[in-house]
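Asker: Structure of the sequence below:
(one chain, ligands or ions: 1)
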Amino acid sequence: MHKHHRALGLATTRIGNRVADIAKLRPVQPVTLVRPHAASRAARFFAEKFPGRSMYAVKANPSPDLIQILWESGITHFDVASIAEVRLVAGVAPEATLCFMHPVKAEEAIAEAYFEYGVRVFSLDSMEELDKIVRATKGATDLTLCVRLRVSSDHSKLSLASKFGVGPGESKDLLIAVRQVADALGICFHVGSQAMSPEAYANAMERARAAIVEAGVTVDVVDVGGGFPSSYPGMEPPPLERYFATIHRAFESLPISYSAELWAEPGRALCAEYSSLIVRVERRRGDELYINDGAYGALFDAAHIGWRFPVRLLREPDSNAKEMGFSFYGPTCDDMDRMAGPFELPADIQAGDYIEIGMLGAYGAAMRTGFNGFTAGDTVIVDDEPMVSLYTGEDEAAAATPSNVVKL
Ligand SMILES: *Cc1c(COP(=O)(O)O)cnc(C)c1O
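Answerer: Numbers count the residues shown, from 1 in each chain. Predicted coordinates for the structure are as follows:
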């Protein structure tokens, strides 16, 4: 990742870069700021406090640097969903354990994962997929197979309830069939992304209980999936410890073998704080700001699902103007390249100003395209704290309301 930094003349491996230093250079292209210390802190939090094993869901941000940081900070297992993700993680962290948790896989991908990369954990939600796994692994007897249950996404901002998972009443035969093939039998689910209440997991655990009781099978792994929230304007969740306590309590009360393992697959929560973006205002039209990144860049979720991210003005001199709500247009010629917000910024913001958009580490850079010739600019490591953090142990309200002006 250190090859793109020459344009700004920054020694990016240098410790001590700060957001203000980068904005002072008046970059023409958007700049991605990464905060290894924030990702490392999140990883250590999960490794120490989650009452089971935390594996990182790579799709949230497949940056090799991030994978390396998480690995070095205690995340030993990785949830991969494609053969390209298998190869990527194996290349960056060869000792890591990979779990192939996409319930619908290409047979060739299963075979390559099993025989070339030593993958032994797979998820599935149908008899067809079970047959496929058996064929692709030539009848392997050392598999951990996790049956994906369909659970409610009611408490989450992004549903994952319709595409995958066996519904109530459909899981019995599959669980019994998988039990006969698997060395270890798991149950997994996903409550939807950005789950705003621990209740989401308590309810899903009740679904798991019903499925286990109905099938009468011995279960060795319960995998509660992802969905652990981060903090965004208007979406400040309860502390993660409450999620962990709820999950632990529910897990302890399940009718499973006493040696059963509890797993989770956090994506967003491990990487949201890892990166942010500096953009330039190219034009102002009333309460609309034309900025140099957008829906086809790192702001996919801001455009397509109306996600709000924290923002702050980076400027000299300071601004005393009152805040007002702005919407953003991205740089492409497409009307859809619009982020409704509202994003609260000082009312005197104008063309030439720089804005930091925070909490883009999850599903931000990962979604970037090169549409219309607007590509990623530089990536720079900074030491500043992320605009919001769930992991600094500060007062919740204080952590959720960052100052929205940084004086350069
Ligand atoms: C996307 C995904 C995750 C990560 O979800 P987050 O909401 O980012 O934590 C975990 N597991 C599976 C199977 C996924 O599809």
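Asker: And whichever helix in the chain runs longest, what does it pack against?
Answerer: With secondary structure taken from DSSP state H, the chain has its longest helix at helix 199-215. When contacts are defined as 3 or more Cβ pairs under 8 Å, 6 or more residues apart in numbering; DSSP states H and E, helix 199-215 packs onto helix 171-181, strand 184-188, helix 240-252. Every C-beta, even on glycine, is put in place using the N, C-alpha and C of the backbone.
Asker: touching the ligand at all, the second one?
Answerer: No. Judged by Cβ under 6 Å from any ligand atom, strand 184-188 stays clear of the ligand, getting no closer than 7.3 Å.
Asker: Just the CA atoms of that strand, as CSV, please.
Answerer: This file holds the C-alpha atoms of strand 184-188, laid out as CSV (Å, rounded to 0.1, in the frame of the first residue of the first chain):
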residue,chain,number,x,y,z
ALA,A,184,-18.3,-31.0,13.4
LEU,A,185,-21.8,-29.6,13.0
GLY,A,186,-22.4,-25.9,13.3
ILE,A,187,-25.3,-23.6,13.1
CYS,A,188,-24.9,-20.1,11.8
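Asker: The following helix or strand past that strand near the ligand at all?
Answerer: The helix or strand immediately downstream of strand 184-188 is strand 193-195, counting by DSSP states H and E. Yes. Contact of strand 193-195 with the ligand (Cβ under 6 Å from any ligand atom) involves residue 193.
Asker: Around the ligand, which positions in the chain sit nearby?
Answerer: So the chain meets the ligand at 57, 59-60, 79, 101, 190, 193, 225-228, 265-269, 362 (Cβ under 6 Å from any ligand atom).
Asker: for the helices and strands packed on helix 199-215, which one ends up most surrounded?
Answerer: Ranked by mean neighbour count, these are led by strand 184-188 with a mean of 26 (mean count of other Cβ atoms under 10 Å).
Asker: Identify each buried residue in the strand ranked longest in the chain, please.
Answerer: Scanning the chain for the longest strand, with DSSP state E as the assignment, gives strand 275-285. Neighbour-count burial for strand 275-285, counted by 16 or more other Cβ atoms under 10 Å, picks out 275, 276, 277, 278, 279, 280, 281, 284.
Asker: what residues are up against residue 70?
Answerer: By Cβ atoms under 8 Å, 6 or more residues apart in numbering, the contact list for residue 70 reads 39, 40, 43, 56, 270.
Asker: which SS class is the first one?
Answerer: Translated: residue 39. helix (DSSP: H, G, I helix; E, B strand; the rest coil).
Asker: thinking it is in contact with residue 67, fair?
Answerer: No. Here residue 39 does not reach residue 67: they are 9.9 Å apart, not a contact under Cβ atoms under 8 Å.
Asker: so is residue 94 in a helix, a strand, or just coil?
Answerer: coil.
Asker: Which residue, other than its chain neighbours, is closest to the residue nearest the centre of the chain?
Answerer: In the chain, the residue lying closest to the centroid (Cα atoms, centre = their mean) is residue 268, at 2.4 Å. Spatial nearest neighbour of residue 268, chain neighbours left out: residue 362 (4.0 Å); criterion: Cβ to Cβ, 6 or more residues apart in numbering.
Asker: that older thread, could the buried residues of strand 275-285 go into JSON lines alongside distance to residue 90 and pLDDT?
Answerer: Below are the buried residues of strand 275-285 laid out as JSON lines (distance: Cβ to Cβ, whole Å; pLDDT from 0 to 100):
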{"residue": "275", "distance to residue 90": "24", "pLDDT": "97"}
{"residue": "276", "distance to residue 90": "29", "pLDDT": "97"}
{"residue": "277", "distance to residue 90": "29", "pLDDT": "97"}
{"residue": "278", "distance to residue 90": "33", "pLDDT": "97"}
{"residue": "279", "distance to residue 90": "35", "pLDDT": "97"}
{"residue": "280", "distance to residue 90": "38", "pLDDT": "97"}
{"residue": "281", "distance to residue 90": "42", "pLDDT": "98"}
{"residue": "284", "distance to residue 90": "47", "pLDDT": "98"}
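Asker: Next, residue 78: phi, psi?
Answerer: phi -130, psi 130 (degrees, to the nearest 10).
Asker: sorry, back to before: could you pull up the contacting residues of the residue nearest to residue 268?
Answerer: 60, 61, 230, 267, 268, 269, 270, 271, 272, 274.
Asker: picking up where we left off before, residue 39 and residue 67: which is more packed in?
Answerer: Between residue 39 and residue 67, counted using other Cβ atoms under 10 Å, residue 39 has the larger neighbour count: 30 against 24.
Asker: Count the neighbours of the spatially closest residue to that one that is not a sequence neighbour for me.
Answerer: The spatial neighbour of residue 39 that comes closest, neighbours along the chain excluded (Cβ to Cβ, 6+ apart), is residue 274 at 4.2 Å. Residues lying near residue 274 (other Cβ under 10 Å) number 29.
Asker: now residue 89
Answerer: Residue 89, neighbours per other Cβ under 10 Å, totals 24.
Asker: Now do the closest residue in space to residue 304 that isn't next to it in sequence against residue 364, distance only.
Answerer: Nearest non-adjacent residue to residue 304, counting by Cβ to Cβ, 6+ apart: residue 295, 6.6 Å away. For residue 295, the distance to residue 364 (Cβ to Cβ, to the nearest Å) stands at 12 Å.
Asker: And the two? Which one has more around it.
Answerer: Legend: neighbour count by other Cβ under 10 Å for residue 295 and residue 364, higher for residue 364 (28 against 24).
Asker: Quick one: residues contacting the more buried one.
Answerer: By Cβ under 8 Å, 6+ apart, the neighbours of residue 364 are 61, 275, 277, 298, 299, 300, 301.
Asker: and which of those is nearest the ligand?
Answerer: residue 61 (9.3 Å; Cβ to the nearest ligand atom).
Asker: phi, psi of the residue of the stretch 101-250 of the chain found nearest the ligand?
Answerer: In the stretch 101-250 of the chain, the residue that lies nearest the ligand is residue 226 (2.4 Å; Cβ to the nearest ligand atom). Torsion angles at residue 226 (phi, psi; degrees, to the nearest 10) stand at phi -100, psi -150.
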